[in-house]
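Peer 1: model this:
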Amino acid sequence: MHIPHPERMARWGWGLLIWGAPWSHAAMSVGTGVVTACSLWAWCRKPTRPAADSPALWLAALLAWQGFSLLWTDHVEWGVKLLSIQLAAVLLAWSWTMVPLGRDQVRQWVFGSAATALTILLGWGAWQQLQGEALEGRDWTPWMSHIRLAMFAALGVVWGSRGVPRAWVWAFLGLWGTFTAVTGSFTSALLWPLSLLWLMAQEASPQTRRTLTGAAVAVGIAGLGVAAWWLQPIPVDKASLPTHTALGHPYTHHPERTVSEGGHRIHLFLCETEWADAWAQVSDVALDAPNSKGFSVRQRLPRYMTSMGLPKDAEHILQLRPQDVLAIEQGATHVHPASGLALRMREFKREWEVWRDGGSASGHAVFQRFAHWRAGIWAWSQAWVFGHGVGDTPEAMATAYDSLESTLSPQHRHRAHMQHLTWGISGGLVAVVLWLGFGWTWWRRIGTISSEALWGGVVVGLCCLFEDTLETQAGVVVAMLALFGLASPVSRL
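Peer 2: Below is the predicted model of the structure:
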């Protein structure tokens with residue numbers, strides 16, 4: 001009876017992992033099981049001792065320390081569940097080197113899988129919208145989070161650029177750019193231009209690379225300048241602010257508050273005493289009745305009218321067009337609807353202004369992270385050497401939020417949202433040192449193989465700044481693919 005080589009069988013497992021990652025947790029689980037079994041088979045046929053500075057060994061040591069921390073973990077069940085997810089990282093890191101798929105095959109499959117996923121998701125989303133379904137950013141990625149898919153796309157376009165027609169690369173960038181525009185993903189908006197820059201740099205001469213680097217720095221500085229100008233408060237001439245409405249009621253002005261809508265400040269020209277009677281004349285919907293999204297007209301009216309550049313008084317409420325009234329009833333906040341990246345940029349400016357005015361960052365994805373990181377640093381400081389234990393990170397974070405009297409609402413008091421920091425909270429300084437050791441040995445052994453291999457580390461390192469990447473199955477699979485997909489066989493590690 002002929003028994004196939006483990007390398008041949010492993011191809012099926014790698015196929016399930018790479019082609020199934022954007023869609024199916026089951027495919028990732030089965031794929032991980034298949035390649036792990038093939039790796040064990042290959043090792044039994046030819047046992048190989050990993051080098052002392054093997055990155056896979058450092059990663060295994062990190063996970064072993066996390067497992068050891070169960071000894072001082074109160075919530076052991078949660079810790080075991082998390083470790084079972086992270087164990088796949090070690091298994092995949094080892095498997096990539098024991099039964100490698102082959103670099104050319106990896107490049108082709110990752111490119112093809114990412115392109116297929118982007119095409120199907122955009123087609124599915126377009127069909128949903130044609131059916132009258134209003135899709136928000138996260139709705140475009142029902143199977144894999146937009147962050148994971150952005151990581152996957154970043155690997156696909158850089159790795160797959162070798163060996164495919166240039167037109168395909170541009171088509172891929174077009175698909176990914178469209179995906180970024182409709183989802184409004186900041187992660188995708190960051191990785192898309194970085195991927196393009198990396199593509200240009202790896203094909204350029206050393207002199208051209210230096211020119212590209214200088215140009216990128218110049219564009220980055222200019223972009224920061226534009227962003228700083230764009231985020232400046234809307235100017236106000238306090239001396240010219242009227243004191244009373246046309247009906248003789250006093251206006252309320254708060255020029256110290258900078259929150260704006262459509263280029264106008266919200267907390268100016270307010271006269272709430274006139275709203276109820278005026279609104280009742282243009283709408284049958286009660287001013288304080290919540291709509292299907294849980295928002296009332298009173299909450300939306302001032303923002304919508306501000307976007308029109310109108311004072312918020314009876315005179316101007318009565319001037320609203322029927323389509324404006326209907327939009328407000330349905331929860332609109334701006335006279336000019338936006339979606340995708342345009343809407344996300346608009347929301348980001350509002351988040352910045354609310355945060356600048358001392359408001360809560362609850363529900364504001366970017367500025368919430370500052371609160372998450374602040375609480376995470378505090379939590380780590382309470383057990384900085386050994387950590388709180390792999391299962392007690394949520395409780396440590398909850399205590400940190402209470403101790404710091406965080407303004408975040410309970411439903412937005414999440415974990416640290418930074419993998420580098422989360423290692424410190426759960427495993428202390430020991431875990432952080434092991435994580436840094438892993439990064440250092442990975443760079444020496446794999447990151448220097450090629451610019452493509454290094455790109456995988458850059459993608460993972462960036463995403464670990466904003467997410468707990470290695471705490472979900474999809475995150476583990478994509479991260480290990482990025483780090484080890486183009487690695488050398490284990491004999492070189």
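Peer 1: show me the contacts for Pro6.
Peer 2: Pro6 makes contact with Cys38, Ser39, Trp41, Ala42, Arg45, Val99 under the criterion CB atoms under 8 Å, 6 or more residues apart in numbering. Bear in mind the C-beta positions are built from the backbone N, C-alpha and C, glycine included.
Peer 1: Give me the lowest-pLDDT entry from those.
Peer 2: The lowest pLDDT within the contacts of Pro6 belongs to Arg45, with 83.
Peer 1: what separates that residue from Trp96, distance-wise?
Peer 2: According to CB to CB, to the nearest Å, Arg45 and Trp96 sit 18 Å apart.
Peer 1: follow-up on the earlier one: just the buried ones from the contacts of Pro6?
Peer 2: Using 16 or more other CB atoms under 10 Å as the burial test, the contacts of Pro6 include Cys38, Ser39, Trp41, Ala42, Val99 as buried.
Peer 1: Could you list the low-pLDDT ranges of this structure?
Peer 2: 1-4, 52, 489-493 (pLDDT under 70).
Peer 1: how about the lengthiest helix in it: buried residues?
Peer 2: Longest helix of the chain, by residue count under DSSP state H: helix 103-130. Of the residues in helix 103-130, 103, 106-115, 117-118, 121-122, 125 count as buried by neighbour count, 16+ other CB under 10 Å.
Peer 1: Repeat that for stretch 453-473.
Peer 2: Buried residues in stretch 453-473 (16+ other CB under 10 Å): 453-464, 466-473.
Peer 1: Skipping adjacent residues, who's closest to the residue nearest the centre of the chain in space?
Peer 2: Closest to where the C-alpha atoms of the chain average out (CA atoms, centre = their mean) is Ile147, at 4.1 Å. Nearest-residue entry for Ile147: Thr187, 4.7 Å, with adjacent residues in sequence omitted and distances by CB to CB, 6 or more residues apart in numbering.
Peer 1: Then Glu395?
Peer 2: In space, and not counting its chain neighbours, Glu395 is closest to His75: 6.8 Å by CB to CB, 6+ apart.
Peer 1: Identify the residues contacting that neighbour.
Peer 2: By CB under 8 Å, 6+ apart, the contact set of His75 is Gly391, Asp392, Pro394, Glu395.
Peer 1: just curious, which of those residues is nearest to Arg344?
Peer 2: Pro394 (28.0 Å; CB to CB).
Peer 1: pretty sure that closest one contacts Arg415?
Peer 2: Yes: assessed by CB atoms under 8 Å, Pro394 is found in contact with Arg415 at 6.4 Å.
Peer 1: For Val217, give me its contacts.
Peer 2: Applying CB under 8 Å, 6+ apart, no residues contact Val217.
Peer 1: Quick check: which element contains it?
Peer 2: helix 206-230 (DSSP states H and E).
Peer 1: Name the next helix or strand following that helix along the chain.
Peer 2: strand 260-261.
Peer 1: Give the pairing partners of that following strand; include direction for each.
Peer 2: In the sheet, strand 260-261 lines up against strand 264-265 (antiparallel) (DSSP bridges).
Peer 1: Give me the residues contacting the strand it pairs with.
Peer 2: With CB under 8 Å, 6+ apart, strand 264-265 has contacts from Ile234, Val236, Pro255, Arg257, Thr258, Val259, Thr306, Ser307, Gly309.
Peer 1: So which of the contacts of His75 sit within helices?
Peer 2: Those of the contacts of His75 lying in helices (DSSP H): Pro394, Glu395.
Peer 1: quick one, what contacts the nearest residue to His412 once chain neighbours are set aside?
Peer 2: Once flanking residues are discounted, His412 sits nearest to Ser362: 4.5 Å by CB to CB, 6+ apart. Going by CB under 8 Å, 6+ apart, Ser362 touches Gln368, Thr407, Leu408, Ser409, Gln411, His412.
Peer 1: out of those residues, which are buried?
Peer 2: With burial judged by 16+ other CB under 10 Å, the buried subset of the contacts of Ser362 is Gln368, Leu408, His412.
Peer 1: Mind putting the residues you listed into CSV with distance to Ile18?
Peer 2: Shown next, in CSV, are those (distance: CB to CB, whole Å):
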residue, distance to Ile18
Gln368, 32
Leu408, 37
His412, 34
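Peer 1: Going by distance to Gly437, which of those residues wins?
Peer 2: Closest to Gly437, out of all of the buried ones among the contacts of Ser362 and judged by CB to CB, is Gln368, at 30.8 Å.
Peer 1: Three-state assignment for Gly132, please.
Peer 2: Following DSSP: H, G, I helix; E, B strand; the rest coil, Gly132 is assigned to coil.
Peer 1: so who does the residue lying closest to Leu196 once chain neighbours are set aside touch?
Peer 2: Distance criterion CB to CB, 6+ apart; nearest residue to Leu196, sequence neighbours excluded, is Leu173 at 6.6 Å. Each residue near Leu173 by CB under 8 Å, 6+ apart is listed here: Val157, Trp192, Ser195, Leu196.
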